[in-house]
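Peer 1: Fold the following and give me the result.
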Amino acid sequence: MSRIGKKPVIIPQGVKVEFKDRTIFVEGPKGKLNRIVSDRIGIEIKDNLVQVSRVADTKQDKSLHGLYRALIANMVKGVTEGYVKELEIIGVGFKAAVQGNNLVLNLGFSHPVNFPIPEGVAIEAPKPTQLVIRSVDKQMIGQVATEIRSIYPPEPYKGKGVRFVGEYVKKKIGKAQATTK
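Peer 2: Residues are numbered from 1 along each chain as shown. Purely as a prediction, here's the structure:
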């Protein structure tokens, strides 16, 4: 059996998990999530535990077994604690601000970039060069953070751009430095 898949997911107090019609519903203090489950996976809920099983022992079933157990665990964690990603903006004159349902980024282009904030995601700009993204859905928060970063990823010469907090950008030496030996 899958080492990850055979571990049960513990349902904390205040969280309601339901499985019907191949869909798992998770509801908690921070919000609600649902996900369609493959017909190759079986789910059993009893005694505040979610047990994930598989139909057969094929390679695909083994990989789905661990995957769905991890997805359910992430859903439970999301509705109880939520997820947070932080981005920092580095560059002279680079800044961000939240205006209504849009994130407005000034990143040195000839125009400000308007990024529509998807439903289920909250974005704050405590400082003009810092973004805090919050959501109950781990996949959604990662997708939104990556899309914002891809607008102006950090460049390797000066390091300016949008990056995750704590991300290391390996800097290259410039052309002038490379020719002097």
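Peer 1: all contacts plus neighbour counts: C-alpha atoms, from now on.
Peer 2: Will do.
Peer 1: what's the distance between the closest residue to Val52 other than its chain neighbours and Ile4?
Peer 2: Distance criterion CA to CA, 6 or more residues apart in numbering; nearest residue to Val52, sequence neighbours excluded, is Ile43 at 4.8 Å. The gap separating Ile43 from Ile4 is 14 Å, by CA to CA, to the nearest Å.
Peer 1: Report the buried residues of the helix or strand harbouring Leu33.
Peer 2: Using DSSP states H and E, Leu33 falls within strand 32-36. Neighbour-count burial for strand 32-36 flags Lys32, Leu33, Asn34 (criterion: 16 or more other CA atoms under 10 Å).
Peer 1: Quick one: the helices in this structure, in order.
Peer 2: With DSSP state H as the criterion, the chain has helices at 59-80, 138-151, 175-179.
Peer 1: And for Asp61, the neighbour number?
Peer 2: 18 (other CA atoms under 10 Å).
Peer 1: Who are the contact partners of it?
Peer 2: Shown in contact with Asp61 (CA atoms under 8 Å, 6 or more residues apart in numbering): Arg40, Ile41, Arg54, Val55.
Peer 1: again, only this time at 7 Å
Peer 2: Listed by CA atoms under 7 Å, 6 or more residues apart in numbering, the contact set of Asp61 reads Arg40, Arg54.
Peer 1: any idea of the pLDDT on it?
Peer 2: Looking at Asp61, its pLDDT stands at 91.
Peer 1: what about it, distance to Ile45?
Peer 2: Note on Asp61: its distance to Ile45, by CA to CA, is 20 Å.
Peer 1: Can you spell out the domain ranges of this structure, please?
Peer 2: Domain assignment for the chain by automatic domain parsing gives 9-80, 83-164.
Peer 1: Could you name the stretch from the ones you listed that's closest to Gly174?
Peer 2: Closest approach to Gly174 among those (CA to CA): domain 83-164, 6.6 Å.
Peer 1: hmm, back to that, a markdown table for the buried residues of strand 32-36, including distance to Val165?
Peer 2: As requested, these are exported to a markdown table (distance: CA to CA, whole Å):
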| residue | distance to Val165 |
| --- | --- |
| Lys32 | 28 |
| Leu33 | 27 |
| Asn34 | 29 |
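Peer 1: of all those, which comes closest to Lys158?
Peer 2: Nearest to Lys158, judged by CA to CA, of those is Leu33 at 41.0 Å.
Peer 1: can you pull up the bridge partners for that closest one?
Peer 2: For Leu33, the beta-bridge partners are Val26 (DSSP bridges).
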